[in-house]
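Engineer: Have a look at this fold, sequence not included:
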């Protein structure tokens, strides 16, 4: 039985597939009020901070031996609070749930903790700390900073694609040229890509990699030095692009405010002059009459 | 006995709790004149520079053997001059003393020299050289530079908090994932945080840490490479924020001067046009009359 | 027999030296239509992407043993498609072929694959992957990014020349001073230039090179530290030059749009005032008459 | 006998102390014409380039064995040309000679080659290549670039002083704290300053220095990590200062041109309005009369 709620004033109608009429609507309404309550958000923020501490303490052997069961109990408890919160959000927002990327992020980091952590997946236990990153979605100033960083990404698309292409081409070349002699560094395309990333960050590029390679292939500097210059120059341009667009945004807002102030005054002048012409036209008529 | 001084022309009244009336007031007055005298500031500046040299010479064994007692005597003497200066400042400025952060800084660096330097606190002897940083508070151009650096900090709050959060989350993960196999680097959260700071600065990150780790955990690059990219990108944005706000400040001052010049001229035009309309209104009346 | 085509509407006339009249002209026409067709460009782009994959697979031993002949066949096939495409372009654009630097780039990277790869030239086999860089000339957004990077180069001419001069002078000096004691690092001018490049990138400059040199020549820090400061400062200025000119270009476009908007309004005001003066002149005449 | 030349039209008068009258004046005149001749400058530029090649060849053993005497002869010859050129410049410009810093630079680098190169001064032989830097003073575009770099220095004075102070204070502290345990790195103030410079450039700071130190002094990260953050932040601000002032200069020129264009038009509008008022005043008088 399906009923579409219309009564939620100021909110998008929510389709309810599993409850009957007015009663379910009231529950949803109360739930949404709770979820969007400032105090509830504070409660969740504090819960996350407490979880950050308990997850940190789990790495301290002394804490495990003394308070192990307590820590695990708190961790379990907090996990179920998160699960309940997310379930409530899914119930309330339904198809709108996926529209906010922060909610998807919350869903993923909480979901990780519910996966089985036995066998080869035991590494997932370490990922439980990612839950603490939910703080970013709870604290508005952090949310704004991360949003700002993310908004810089799309403009970087072409240059990141170019960098990827350069990496692929140089990785294939390095594998073909030096793969046989230096299998650890250039034995396969992924190994070469990793080594080239290391070289791009300038870490031990010469003493650690290029000098040993040059002992076998004396001209290999002609491969690595241009790679360093090209990728440094490209990454630099990536940075410049971000700087310029950041300043652009700042400057534009300010400049347009300036321009508007000047223009509004110019329009006032224009209005005055037009009134003047009207005065004179009247004067002329008066005189003629 | 408490008397409130009112006679200090142009200065805030100072409460005096430990002296009697006019006489004490005159002493305070003279003391303040001395402390705010340009020549006294020069004297203190020179004293600091001399102390910088003597503290430097104390690290030279030959200087110790030949002039040891002299150096220590000068150091003691200068210390007592500083103590006397600070005591005078506290007596003069009283509750206002703590309002200038530079005076608090002076108080701390001089105070360090008065602490006992025996036993486990012997490291404090090395901190006596911090006194030389008082030069920053004495030389106006240095004071301005440091003030400028400090003023950039508050705007960085959110991004520093984000960076701290990222460090904590990655430190806990690294400790859980690699702590058992590489206790020296990732044995505890502080050890991991230090190693991750080293990796963020790109020092020996690959040859020194990630390659050895990859021999045990072949997929660990998927942990470290994203960490490097994320923190580089965040720190870059920290820098861009500082650059943009620095340029903003410079540009705003200049642009507003420009705008004001244009606007004042526009207002002159507007005034002229209004005078014109008044002229014409008069003309109309004249004609009608 | 030579005939100059004039009929190609909207295109530059093409001289044809090896075919007879109208028929050849029609063939050229059809060929040019094909080459400039959007779908043909997509076809070539896909071919390049496929080639990128096959050339990558050639570095995987398992792929060679299972699909070796297939991979080589695809590679040959794609090479001949590229050769045919280039031959068609040369036939159509003839002397204009060299005017587009991207076509010259295509010609070189395809030409490499046609060179004999036996003996000492076997290294050229590894360069076949450069063909994948043709993607840059096919994808407009990549083409624009690379064009932007290239356009920043001419303004850097003087500073690159200066950096080259500094490198030459320091290389000669390093060879004379430290060549005898450290032949591996400073044995010849090219070796010194490479070592100084490594030092400029700050890779192992101290632990790897300068500290060992200082054990023989204690004052050698007075050679290397100024070199690091001077080249860092010069490279920084190179970057600043690029940043400033990038912002300049952005800002100029925007500012001139602003200025024009203000000026056009000012001209409107001026026009109104002139019309006003004409009105008054008429009024005066009317009154006098 | 002293005579002051007045006849050199458009040039500063030159006092001649060692020649008699008109004749000497004519010689000086001719010499100055020669020195300021475009062709003579080209000749010197080519001579410098030739010298760069010969000085480079002197580092190649094969070149020495085959052409040694020829190379030395060319070097001697060019040196004497430079000496003659400088002597002529001193004779012509006399007290004005020292006013151009480039001429002082030329004087120093040529003078180095005239010093005795025996014994402990044999290192000066290696400095002869500095002569090649004279190219910077001969090629206008290089001269402009270096002039630009130099002009950025004075604004950096305070921040360089601050950096120097920080280095001194941390060097003294490091010497006192770690000098006894790690004499090679922190045995004296200069040794500590060098090690701290290495740490500031982030070269092997952790693996090479701080980790070994932390094995003896576990809390030493609390000394080095703040040092890295403080100096990075200061150097960053140094860079930002240079970037901002570079953009400032560019932007100011442009903005003032814009502003002037707008203002001149505003003044035209004002002029028109004033003419209008004069018209109306006349009209009023006409009517009243």
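Structural biologist: Sure, I can see it. Computed from a predicted structure; not experimentally measured. Residues are numbered from 1 along each chain as shown, chains lettered A, B, ... in the order given.
Engineer: low pLDDT regions in the stretch 1-150 of chain A?
Structural biologist: Within the stretch 1-150 of chain A, the set of residues satisfying pLDDT under 70 comprises A:1-21, A:117-122.
Engineer: need the residues of it near chain B, please.
Structural biologist: Counting by C-beta under 8 Å from any C-beta of the partner chain, the residues of the stretch 1-150 of chain A close to chain B are A:52, A:55-56, A:58-60, A:123, A:125-127, A:129-130, A:132-133, A:135-136, A:139, A:141-142, A:144-146, A:148-149. Where C-beta positions appear, they are placed from N, C-alpha and C, glycine not excepted.
Engineer: what ranges of the stretch 151-289 of chain A fall below the confidence cut-off?
Structural biologist: In the stretch 151-289 of chain A (pLDDT under 70), the answer is A:246-256, A:258-259, A:289.
Engineer: in which helix or strand would I find the residue in the stretch 151-289 of chain A that chain D sits nearest to?
Structural biologist: Residue nearest to chain D within the stretch 151-289 of chain A: residue A:269 (8.2 Å; C-beta to the nearest C-beta). Per DSSP states H and E: residue A:269 is located in helix A:221-288.
Engineer: now check that helix, is it near chain C?
Structural biologist: Yes - against chain C, helix A:221-288 shows contacts by C-beta under 8 Å from any C-beta at A:221, A:225, A:228, A:233-234, A:236-237, A:240, A:243-244, A:247-248, A:251-252, A:255, A:259, A:262-263, A:266-267, A:269-270, A:273-274, A:276-277, A:280-281, A:283-284, A:287-288.
Engineer: Just the buried residues of the residues you listed.
Structural biologist: Among those, those buried by neighbour count (16 or more other C-beta atoms under 10 Å in any protein chain shown) are A:221, A:225, A:228, A:233-234, A:236-237, A:240, A:243-244, A:247, A:251, A:255, A:259, A:262, A:266, A:269-270, A:273, A:276, A:280, A:283-284.
Engineer: Could I have the buried ones of the residues of the stretch 1-150 of chain A next to chain B as PyMOL selection syntax?
Structural biologist: With 16+ other C-beta under 10 Å as the criterion, this PyMOL line picks the buried residues out of the residues of the stretch 1-150 of chain A next to chain B:
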select buried, chain A and resi 52+55+56+58+59+125+126+127+129+130+132+133+135+136+139+142+145+146+149
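Engineer: from the residues of the stretch 1-150 of chain A next to chain B, which are also near chain C?
Structural biologist: Answer for these near chain C: none qualify (C-beta under 8 Å from any C-beta).
Engineer: Keep only those of the residues of the stretch 1-150 of chain A next to chain B that are in helices.
Structural biologist: A:52, A:55, A:56, A:135, A:136, A:141, A:142, A:144, A:145, A:146, A:148, A:149 (DSSP state H).
Engineer: and of those, the nearest to residue A:211?
Structural biologist: residue A:149 (37.1 Å; C-beta to C-beta).
Engineer: ok, and the closest non-adjacent residue to that closest one?
Structural biologist: Nearest residue to residue A:149, sequence neighbours excluded (C-beta to C-beta, 6 or more residues apart in numbering or on different chains): residue B:237, at 5.7 Å.
Engineer: ok, now which ones touch the one you found?
Structural biologist: A:145, A:148, A:149, A:152, A:242, B:159 (C-beta atoms under 8 Å, 6 or more residues apart in numbering or on different chains).
Engineer: And those, which is closest to residue C:217?
Structural biologist: For the contacts of residue B:237, the nearest to residue C:217 is residue A:242 (43.5 Å; C-beta to C-beta).
Engineer: Contact partners for the closest one?
Structural biologist: Per C-beta under 8 Å, 6+ apart, neighbours of residue A:242: A:152, A:155, A:156, B:236, B:237, B:240.
Engineer: wouldn't the fourth one be in contact with residue A:238 here?
Structural biologist: Translated: residue B:236. No - using C-beta atoms under 8 Å as the test, residue B:236 is too far from residue A:238 to be in contact (9.4 Å).
Engineer: and the residue of the stretch 1-150 of chain A nearest chain C?
Structural biologist: residue A:148 (19.3 Å).
Engineer: got the contact list for that residue?
Structural biologist: Per C-beta under 8 Å, 6+ apart, neighbours of residue A:148: residue B:237.
Engineer: And for residue A:153?
Structural biologist: Here residue A:153 is in contact with no residue (C-beta under 8 Å, 6+ apart).
Engineer: roughly how far apart are it and residue A:231?
Structural biologist: As for residue A:153, its distance to residue A:231 is 19 Å (criterion: C-beta to C-beta, to the nearest Å).
Engineer: Equivalent analysis for residue A:150, please.
Structural biologist: 24 Å.
Engineer: If you count surrounding residues, which of those two has more?
Structural biologist: For residue A:150 versus residue A:231, neighbours defined as other C-beta atoms under 10 Å in any protein chain shown are more numerous around residue A:231 (19 against 10).
Engineer: Helix or strand: which one has the closest residue to residue A:167 other than its chain neighbours?
Structural biologist: Of all residues not flanking residue A:167 in the chain, residue A:193 sits nearest, at 5.7 Å (C-beta to C-beta, 6+ apart). Using DSSP H and E, residue A:193 sits in helix A:189-200.
Engineer: what about the helix or strand just after that helix and chain B, any contact?
Structural biologist: Later in the chain than helix A:189-200, the nearest helix or strand by DSSP H and E is helix A:211-216. No - Helix A:211-216 stays clear of chain B (C-beta under 8 Å from any C-beta), getting no nearer than 11.4 Å.
Engineer: buried ones in helix A:211-216?
Structural biologist: Those would be A:211, A:213, A:214, for helix A:211-216 by 16+ other C-beta under 10 Å.
Engineer: now the first one: how far from residue C:102?
Structural biologist: Right, residue A:211. Distance from residue A:211 to residue C:102, by C-beta to C-beta: 36 Å.
Engineer: ditto for the second one
Structural biologist: With distances taken as C-beta to C-beta, residue A:213 is found 32 Å from residue C:102.
Engineer: ok, now the last one?
Structural biologist: Residue A:214 sits 33 Å away from residue C:102 when distances are taken as C-beta to C-beta.
Engineer: Quick one: list the elements packing against the helix or strand harbouring residue A:72.
Structural biologist: Assessed by DSSP H and E, residue A:72 sits inside helix A:61-93. The contact analysis (3 or more C-beta pairs under 8 Å, 6 or more residues apart in numbering or on different chains; DSSP states H and E) places helix A:61-93 against helix A:21-35, helix A:38-57, helix A:101-114.
Engineer: Can I get the ones you listed in a markdown table including distance to residue D:33?
Structural biologist: A markdown table is the format used below for these (distance: least, C-beta to C-beta, whole Å):
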| stretch | distance to residue D:33 |
| --- | --- |
| helix A:21-35 | 89 |
| helix A:38-57 | 81 |
| helix A:101-114 | 75 |
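Engineer: Of all those helices, which one is nearest residue D:164?
Structural biologist: Comparison of those against residue D:164 by C-beta to C-beta identifies helix A:38-57 as nearest, at 40.6 Å.
Engineer: what's that closest one in contact with?
Structural biologist: Counting by C-beta under 8 Å, 6+ apart, A:34, A:63, A:67, A:71, A:74-75, A:78, A:81-82, A:85, A:128-129, A:131-132, A:134-135, A:138-139, B:168, B:172, B:189 sit against helix A:38-57.
Engineer: What of stretch A:192-200?
Structural biologist: By C-beta under 8 Å, 6+ apart, stretch A:192-200 touches A:167-168, A:170-172, A:174-175, A:179, A:185-186, A:204-205, A:208-210, A:224, A:227-228, A:231-232, A:235, B:205-207, B:221, B:225.
Engineer: Please check the residues you listed and keep the buried ones.
Structural biologist: Buried, going by 16+ other C-beta under 10 Å: A:167-168, A:170-172, A:174-175, A:179, A:185-186, A:204-205, A:208-210, A:224, A:227-228, A:231, B:205-207, B:221, B:225, out of those.
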